[in-house]
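> coords please:
(2 chains)
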Protein chains: 2
Amino acid sequence: MTVLFYEDFEIGQKAALGSHKFVRDATVGFARKFDPQPFHLDEAAGAASIFSSLAASGWHTASAAMRALVDYRETLRTEALARGETPPPRGLEAGVRQLRWSAPVRPGDELAFSFEVVSKAETVEPQWGLVACRVTGINQDGREACSYILLSLVARRP
Amino acid sequence: MTVLFYEDFEIGQKAALGSHKFVRDATVGFARKFDPQPFHLDEAAGAASIFSSLAASGWHTASAAMRALVDYRETLRTEALARGETPPPRGLEAGVRQLRWSAPVRPGDELAFSFEVVSKAETVEPQWGLVACRVTGINQDGREACSYILLSLVARRP
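Reported below is the predicted structural model:
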């Protein structure tokens, strides 16, 4: 699949982004820095909490989903370069809508990430378009754990 | 201020959450793990990018805002314990609405975080309420860099 310029995105387009396994050291390490609530740090506190176990910070899950998306995009750029094409200037992420953490992510859980283009819009700047993609992480039991709509500024064809 | 149980939250209530300075090693370290786009990793790539400089990942900024909020909440719990009160069971974050990254965060930037309660609602479970707070990070020039509405499940008074 080639999805690089704004014009190439189609509403309803989907792609698998690979999966990520959450391990204890990484989930606790993230929580120590950014979300030091006891149920993210310690097994006993997790077991006594609303999660009934140690759980990853939702911000860790959302960030891991971004990583999967970035790796996917960079692969597309590398493939385009290998074909002799010039990839567009990189845009940026403008924001996120409807971020939901629907199920806890526990150490040992593996999330399969995917995205789907949900809308696109031209902007006042002729060189940029805005693409909205829903990024979703599904756990090993087939249950959605994390999902958000990412709003990305994407370069238009010159 | 005491804001612990669902009943204690009032719409319009605000609090300062302290500030955080973003340093290069931390922004690049976060980006290597979660958002390895060149403008988050390297000065030259940043200078040539839409940001015109190395910039922190938006997920780093959002996570740092969460850290500020968690520290604030934990302080309130500690103070309640010191007064001989029993803090409520900890709830969880259900999701986020309207996350926007309005200005780049560059190494050396310092964001002052604050929150404002924007809405609250009872849930079907009598022990929990849902509180929506807008969390905002303002940079040293007084400009909003990051903002989102965090939806938190908060215990109701027994």
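> near chain B, which residues of chain A show up?
A:30, A:33-39, A:49-51, A:57-59, A:62-64, A:66-67, A:70-71, A:74, A:89-101, A:148, A:153 (C-beta under 8 Å from any C-beta of the partner chain). In short, each C-beta sits where N, CA and C put it, glycine included.
> Cross those against helices and list the overlap.
Among those, the ones falling in helices (DSSP state H) are A:30, A:33-34, A:38-39, A:58-59, A:62-64, A:66-67, A:70-71, A:74.
> For the residue nearest the centre of chain A, give me the pLDDT.
Geometric centre of chain A, nearest residue: A:Ala65, 2.7 Å, by C-alpha atoms, centre = their mean. Model confidence at A:Ala65, given as pLDDT, is 98.
> who's in contact with it?
For A:Ala65, the contacting residues are A:17, A:111, A:113, A:135-137, A:146, A:148, by C-beta atoms under 8 Å, 6 or more residues apart in numbering or on different chains.
> go on, A:Val70?
With contact set as C-beta under 8 Å, 6+ apart, A:Val70 has these partners: B:35-37.
> what does A:Phe22 give?
A:56, A:60-61, A:64, A:105-111.
> Show me which of these are buried.
Neighbour-count burial within those applies to A:56, A:60-61, A:64, A:105-107, A:109, A:111; the criterion is 16 or more other C-beta atoms under 10 Å in any protein chain shown.
> so A:Met66 touches B:Ala62, yeah?
No - applying C-beta atoms under 8 Å, one finds A:Met66 not in contact with B:Ala62, separated by 10.4 Å.
> re the thing from before, which one of the contacts of A:Val70 is nearest A:Ile11?
When these are ranked by distance to A:Ile11 (C-beta to C-beta), B:Gln37 comes first, at 24.2 Å.
> Find me whatever residue is spatially closest to the closest one, sequence neighbours aside.
A:Val70 (5.8 Å; C-beta to C-beta, 6 or more residues apart in numbering or on different chains).
> pLDDT score assigned to that neighbour?
What the model reports as pLDDT for A:Val70 is 97.
> could you check the distance from it over to B:Gly58?
Counting by C-beta to C-beta, to the nearest Å, the separation of A:Val70 from B:Gly58 is 12 Å.
> which residues are in contact with both of these two?
B:Asp35.
> picking up where we left off before, adding pLDDT, write the contacts of A:Val70 out as JSON lines.
As requested, the contacts of A:Val70 are exported to JSON lines (pLDDT from 0 to 100):
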{"residue": "B:Asp35", "pLDDT": "98"}
{"residue": "B:Pro36", "pLDDT": "98"}
{"residue": "B:Gln37", "pLDDT": "97"}
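> Of these, keep whichever come out buried.
By 16+ other C-beta under 10 Å, those give B:35-37 as buried.
> Give the next helix or strand downstream of the host helix or strand of A:Ala112.
Per DSSP states H and E, A:Ala112 falls inside strand A:110-122. Proceeding N to C from strand A:110-122, the next assigned helix or strand is strand A:128-138, under DSSP H and E.
> That next one: how far from the chain's middle?
8 Å (C-alpha atoms, centre = their mean, to the nearest Å).
> and it, what does it pack onto?
Judged by 3 or more C-beta pairs under 8 Å, 6 or more residues apart in numbering or on different chains; DSSP states H and E, strand A:128-138 is in contact with helix A:58-82, strand A:110-122, strand A:144-155.
> Right, I'll leave it there.
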